[in-house]
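*Asks:* below are the sequence and a predicted model; questions follow.
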Amino acid sequence: MAAEKARKFPLICQAIRLLDKADMDTKARSESKRIAAAAERKRIGNCDEVPAVTIEELEENHIIEHQETPGSDTLEYWQDVFDVLDSYETSSDGQDSESKEHITNESKSEASDDL
């Protein structure tokens, strides 16, 4: 019912406006009118075109502009983080750091044997 009412409402407003226009004297009639139907709107430019810049591009450009440039100590910081993480023993796979070193040494020796 709401969709049907929404379709009929502009038509009724337009019909009333046309009846009022016919009844009014030309002197008493005002030139301003409300837009009742979308078809009566004037188009400015081509409304079907996609804008040259999308909202996503604007957001990305804004993020890039306000992004801090990494300093000279950034590499040192991340190297320290990785060193600390490497020093921890992982308990999730059940192996300690010594067995991992043994595995890496074996894989290196196998790689050198293949050459």
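*Replies:* Here it is on my side, so go on. Computed from a predicted structure; not experimentally measured. Numbering: from 1, shown residues only.
*Asks:* and the helix or strand that Arg17 is a member of, what's buried?
*Replies:* Following DSSP states H and E, one finds Arg17 within helix 2-23. Neighbour-count burial for helix 2-23, counted by 16 or more other Cβ atoms under 10 Å, picks out Gln14. The way it works is simple: take the backbone N, C-alpha and C, and place the C-beta from them, glycine included.
*Asks:* so after that helix, what's the next helix or strand?
*Replies:* Next element after helix 2-23 (DSSP H and E): helix 55-65.
*Asks:* for that next one, give the mean pLDDT please.
*Replies:* Taken as a whole, helix 55-65 has a mean pLDDT of 81.
*Asks:* what comes up buried for that helix?
*Replies:* Within helix 55-65, no residue is scored as buried using 16+ other Cβ under 10 Å.
*Asks:* next secondary structure after that helix?
*Replies:* Later in the chain than helix 55-65, the nearest helix or strand by DSSP H and E is helix 74-87.
*Asks:* which strands and helices sit next to that following helix?
*Replies:* Of the remaining helices and strands, none touches helix 74-87 by 3 or more Cβ pairs under 8 Å, 6 or more residues apart in numbering; DSSP states H and E.
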